[in-house]
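[1] Please find the sequence and the predicted model below.
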Amino acid sequence: MTLAEMQFAVPELRIASAEILLLAMACLILIVDLFVRDRNRTVTYLLTQLTLAGAALATFAVGTGQVSYTFSNMFVSDPMGDLLKLLVYISVIAVLFYSRAYVLDRPEMARGEFYVLGLFATLGMMVMISASHFLTVYIGIELLSLSLYAMVAMERSSAASTEAAMKYFVLGALASGLLLYGMSMLYGATGTLEIPALADRLFSGEVNDRIIVSFGLVFLIAGIAFKLGVVPFHMWIPDVYHGAPTAVTLFIASAPKLAACAVVIRVLVNGLIFVSSDWQMMLIILSVLSMAVGNFAAIAQTNIKRMLAYSAISHMGFMLLGMATGVIMGDPRFIVNAYSSSMFYVVTYVLASLGAFGTILLLARAGFESDEISDFAGLNKRNSWYAAIMMMMMFSMAGIPFFVGFFAKLSVLQAAVAGGHLWLAIVAVFFSLIGAYYYLRVVKVMYFDPPTSAAPIETTLDVKLLLSLNGLAVALIGIFPNALMMLCARSLSDSIVF
Amino acid sequence: MSGLPILSLTIWVPIFAGFLVLFTGSDRNSPLARALALLGALAGLLVTLPLYTGFDTATSAMQFVELSPWIERFDVNYHLGVDGISMLFVILNSFITVIVVLAGWKVIESKVAQYDACFLIMSGLLNGIFTALDGMLFYVFFEASLIPLYLIIGIWGGPRRVYAAFKFFLFTLMGSLLFLVSLIYLYLESGSFAILDWHQMPLPMAAQQWIFLALLVAFAVKVPMWPVHTWLPDAHVEAPTGGSIVLAAIALKLGAYGFVRFSLPIAPDASHEFSGLILGLSLIAVVYIGFVALAQEDMKKLVAYSSIAHMGFVTLGFFLFSPLGMEGALVQMISHGFVAGAMFYCIGVMYDRVHSRQIADYGGVVNTMPKFAAFFMLFAMANAGLPATSGFVGEFMVIMASVRFSLLVGFVAASTLILGAAYTLWMYKRVIFGAVGNHHVAGLSDVSAREFLVLALLAFGTLGMGLYPQPFTEIMHSSVDELLRHVSVSKIQ
């Protein structure tokens, strides 16, 4: 590309129209909110939901099923990105639905900023998903993280929230530093920050120093591992999940996982596939450690948010297992199989996570967080439908059929065995047995223990419907998993070009 | 054959009925829930009848086959079919479901709809296990059936129900996870999940050994074989009567069925190699667990241990590799379904009145419950393997086969006739005969019409199979021959 082109070519804006719409609307909502008198912020809330729906339409309309670049190759639109973005919108919409009542009960959170920050975080995720340049990756991650730091700290009077936000911010900044450092090393070694160009140079061997590539890779992986929350970069996860207001925990525990999965695929697969033997080993170590620490530590928890935090660590570890088995001895036959399995895994995890935190939010009231496992005691006697939904989420996370989590585990295990990592599959299976224990404990508390509270469970019709839909999705996609699996596989095989 | 997908009906009719029952909601509607559950269970039994009438005993091929793609991504098919081995279990399971719904009629008073729904859904899932011809479909049903039983033990069980439910779930899950890895391995080797393809696939010895051992863990836990049997007494003691009946009559058969469907035909060479190990473990189960049963104070625990001993006979019969042993083992499985189910029901009948399972709390029950005592006598005799009851047929066939195999094995196996009689009849004597033990027993009322019906149905099965076992063995015959022919051919290439 010549200099003249770089300066004067009008970037193709159409393929980024969803992002542009979201940005414009987020700014607009910020202004509109100033004029909203209603303490409930109904207008802000509805506008936010409409914006997300509009972004979904835009993504859907613009998606061509092909890979196209814009903004000087910094931004890519492809089927994988479109699918993940649609899933991000869906989960953010669900998050806002579930957290509506919770937010209204807490005056410090019932502000327009909650929605605007949510939109900016969503924008950050979209940028992450569409990044084809290290700077875009970084901007996306920072936009997401900064919005989340602020959201965690929104409940100012709560010491736990403030502490969680501090911890999240300090450690997150450190991780961003690691990420930037790794990127700069790769730039030094290859002379480019563009992800496809990086792959080309690694392939053709136009590399100044391979050692620097490896060093850069280590820092890059450390940074990404931090954002994913896998061991040994997981320390922030339990405290942030626990300390943040549950509505924000729900936000953190859902859509960002999809974006992080996209970043792993963009950076490691699209950019660094030719040094895959280096990073696959690292991912395997991260994966096994995460499954071990996550599952064992979750057993000891009495707080359900903390338990789900450790469970998230173990799930991300399981997801990385699929990522680590794509290229075997330089043989790329298994790429689509392995990475689409990981992607399917994340999607199903997000689905179950939404339902689980959604149920926690449902039981929470003004002044009562309902975040101890014992708060779920006898839920079956209080309302058997909500108990059934929570049970489905727990069994899905534990990987018991017919729930969708089982098929996700099957996909990843299958990818691991296909990649010749039979022993890894056995280790993973062993840790899921341990994991089953603490999920079963939640079921036990809900079904076997007598209720400790007789308070009626009040909710609005929309939340009831959405939560039921969420529960049915976990069961029905479990009975008919093929469509979603194929969707993941197809979008991925259309998006990875070599 | 009619065009109806009969096997699908046997799976989905009970599951659908289960959800219907679930929708009756709170306990205010429990009469409706019970009626619906009974209707559902009867409908579930009804749809299995064409299996018996339309079954072709001349062929060993799969019958009533249904095949449609399910998860194309992994070539998983919704592939159902039965042969002479699995067909009887489908009918037995559907029959036991009716028994269980009747057994819980008056006894269960809280969350009736959920209780009956659990059993109906489990009945469908269990039928799925017996009819699945796709490895993944089998596994999915196999695992999913843990959930209802976990809930049944945990919600309606005894004082230590939580411990028992967890132990049951985690033990079984531990076994089946290695099973899952083996399934994935077989899928990647053969390119499909079709069990029948796996039967034909050549495998090197090392692979066979690993697969056999992984499957052994899964099925040994489920059978259960010594030394991984410890979950069973806990689960039985804590489960409500219905749960114990299903556990003993059907769930225990899954492990043994797994040996026949997976281990033997997929890894025949390894099966021969490890047959000594299995025979040893089976004999330990028969003799050692027999002695353990003798020492029990709790009736349910005693019958639970006797179940382990009886299942030891089943695994013994399989690994003798003779038609007699194999058919004997299968007959023993069916018979044990009736007899153990009936034993647990009898204990349940007494427990509902006295609220104790301790042998010492009874004595002289015959004086107050003569009709019940007569039925209990029949089942106790069947449990001890008395001729003319179903318990005799299978045991006798297996003992004959083991004597033919080796006199020593036959001798040890035959000791069950003494041990079985000892622990069962001694318990019977202490509970039923003698002077009336205490005021609880003195105040007992004899069986109600509903209980009489359940006992009569089970007695009919026990006696019918004992007096005229030929229809059962006839159904199995070609399938067993085919299986043994298959197992005798080496798969090493």
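    Arrived safely, thanks for sending. Numbering: from 1, shown residues only, chains lettered A, B, ... in the order given.

[2] Where does the prediction get shaky in chain B?
    B:1-2 (pLDDT under 70).

[3] Need phi/psi at B:Ile71.
    Backbone torsions of B:Ile71, given as degrees, to the nearest 10, read phi -120, psi 100.

[4] That one contacts A:Met485, doesn't it?
    Yes. Between B:Ile71 and A:Met485 there is a contact at 6.9 Å, judged by CB atoms under 8 Å. From N, CA and C alone the C-beta is placed, and that goes for glycine too.

[5] higher neighbour count, those two?
    A:Met485 (26 against 23; other CB atoms under 10 Å in any protein chain shown).

[6] gap between the more buried one and chain B?
    Separation of A:Met485 from chain B (CB to the nearest CB, to the nearest Å): 4 Å.

[7] excluding its backbone neighbours, what's nearest that residue?
    Closest residue in space to A:Met485, ignoring its immediate chain neighbours: B:Arg73 at 4.3 Å, by CB to CB, 6 or more residues apart in numbering or on different chains.

[8] how about the residues of chain B near chain A?
    B:69-74, B:111, B:114, B:136, B:139-141, B:143-144, B:146-147, B:150-151, B:154-155, B:161-162, B:165-166, B:169-170, B:173-174, B:177-178, B:180-181, B:184-185, B:187-188 (CB under 8 Å from any CB of the partner chain).

[9] In ChimeraX, how would I select just the buried ones from the residues you listed?
    Buried residues within the residues of chain B next to chain A, by 16 or more other CB atoms under 10 Å in any protein chain shown, are selected in ChimeraX with:
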select /B:70,71,73,74,111,114,136,139,140,141,143,144,146,147,150,151,154,155,161,162,165,166,169,170,173,174,177,178,180,181,184,185,187
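
[10] ok, B:Leu232 - contacts?
    B:Pro224, B:Leu247, B:Leu252, B:Ala304, B:Ser307, B:Ile308 (CB atoms under 8 Å, 6 or more residues apart in numbering or on different chains).

[11] so how far is the strand or helix carrying A:Met393 from its chain's centroid?
    Assigned by DSSP states H and E, A:Met393 belongs to helix A:384-398. Relative to its chain's centre, helix A:384-398 lies at 21 Å (CA atoms, centre = their mean, to the nearest Å).

[12] just checking, next helix/strand downstream of it?
    Scanning onward from helix A:384-398 (DSSP H and E), the first element met is helix A:404-418.

[13] Please see if that following helix touches chain B.
    Yes. Contact of helix A:404-418 with chain B (CB under 8 Å from any CB) involves A:Phe406, A:Phe407, A:Leu410, A:Ser411, A:Leu413, A:Gln414, A:Val417, A:Ala418.

[14] Pull out the buried residues from the next helix or strand after that helix.
    For helix A:404-418, the following helix or strand on the C-terminal side (DSSP H and E) is helix A:422-447. Of the residues in helix A:422-447, A:422, A:424-447 count as buried by neighbour count, 16+ other CB under 10 Å.

[15] average pLDDT for the host helix or strand of A:Val95?
    In the assignment (DSSP H and E), A:Val95 maps to helix A:79-104. Mean per-residue pLDDT for helix A:79-104: 91.

[16] same for it, what does it pack against?
    The contact analysis (3 or more CB pairs under 8 Å, 6 or more residues apart in numbering or on different chains; DSSP states H and E) places helix A:79-104 against helix A:42-62, helix A:112-129, helix A:246-253, helix A:255-264, helix A:335-363, helix A:461-479, helix A:482-495.

[17] list the buried ones in the fourth one?
    This means helix A:255-264. A:Ala255, A:Pro256, A:Lys257, A:Leu258, A:Ala259, A:Ala260, A:Cys261, A:Ala262, A:Val263, A:Val264.

[18] For chain B, state which of these is nearest.
    Comparing those against chain B with CB to the nearest CB places A:Cys261 closest, at 18.3 Å.

[19] residues contacting that closest one?
    A:Leu84, A:Met319, A:Ser342, A:Met343, A:Val346.

[20] For it, give me the pLDDT.
    91.

[21] B:Ala218 touches B:Gly258, doesn't it?
    Yes. The criterion here is CB under 8 Å, and B:Ala218 meets it with B:Gly258 at 6.7 Å.

[22] higher neighbour count, these two?
    Between B:Ala218 and B:Gly258, counting by other CB under 10 Å, B:Ala218 is the more crowded of the two (27 against 24).

[23] Which strand or helix spans that one?
    Secondary structure (DSSP H and E) places B:Ala218 in helix B:205-222.

[24] For that helix, buried residues please.
    B:207-222.

[25] Nearest to A:Leu174 among those?
    B:Ala214 (43.6 Å; CB to CB).

[26] In stretch B:265-282, which residues are buried?
    B:265-272, B:274-275, B:278-279, B:281-282.

[27] Correction: the previous question concerned stretch A:108-121.
    Quick answer for stretch A:108-121 (16+ other CB under 10 Å): A:109-121.

[28] Can you tell me which of those lies closest to A:Pro451?
    A:Met109 (28.3 Å).

[29] Help me confirm that the closest one is found in a strand?
    No. Counting by DSSP: H, G, I helix; E, B strand; the rest coil, A:Met109 falls outside a strand, being coil.

[30] Ramachandran angles for it?
    Torsion angles, degrees, to the nearest 10, at A:Met109: phi -100, psi -20.

[31] Report whether the expected contact of it with A:Ala247 is present.
    Yes. If you go by CB under 8 Å, A:Met109 and A:Ala247 touch, sitting 7.0 Å apart.

[32] intersection of neighbour lists for those two?
    Contacts common to A:Met109 and A:Ala247, judged by CB under 8 Å, 6+ apart, are A:Tyr102, A:Val103.

[33] so what secondary structure elements neighbour the helix holding B:Ala218?
    Judged by 3+ CB pairs under 8 Å, 6+ apart, helix B:205-222 is in contact with helix B:161-190, helix B:252-258, helix B:264-266, helix B:268-273.

[34] helices or strands up against the longest one?
    Looking back up the chat, that one is helix B:161-190. helix A:404-418, helix A:422-447, helix B:135-144, helix B:146-156, helix B:195-200, helix B:205-222, helix B:231-238.

[35] Nearest to A:Phe357, out of those?
    helix A:422-447 (12.8 Å).

[36] Give me the distance between that closest one and the centre of its chain.
    21 Å.

[37] Could you name the helices and strands sitting against that helix?
    helix A:276-299, helix A:304-323, helix A:379-382, helix A:384-398, helix A:404-418, helix B:146-156, helix B:161-190.

[38] Show me what counts as buried in stretch A:340-354.
    A:340-354.

[39] Enumerate every residue touching A:Asn337.
    So A:Asn337 contacts A:Gly326, A:Gln414, A:Ala415, A:Ala418, A:Ala489 (CB under 8 Å, 6+ apart).

[40] Apply 10 Å and report the result again.
    A:322, A:325-326, A:411, A:414-415, A:418-419, A:489, A:492-493, B:73-74 (CB atoms under 10 Å, 6 or more residues apart in numbering or on different chains).

[41] go on, B:Pro159?
    Listed by CB under 10 Å, 6+ apart, the contact set of B:Pro159 reads B:Val237, B:Glu238.

[42] So it, which state does it fall into?
    Per three-state DSSP, the secondary structure class of B:Pro159 is coil.

[43] And it, its phi and psi?
    The phi/psi pair for B:Pro159 (degrees, to the nearest 10) is phi -60, psi -40.

[44] Kindly confirm whether my reading is correct that A:Gly399 touches A:Lys409.
    Yes. Using CB atoms under 10 Å, A:Gly399 makes contact with A:Lys409 at a distance of 4.1 Å.
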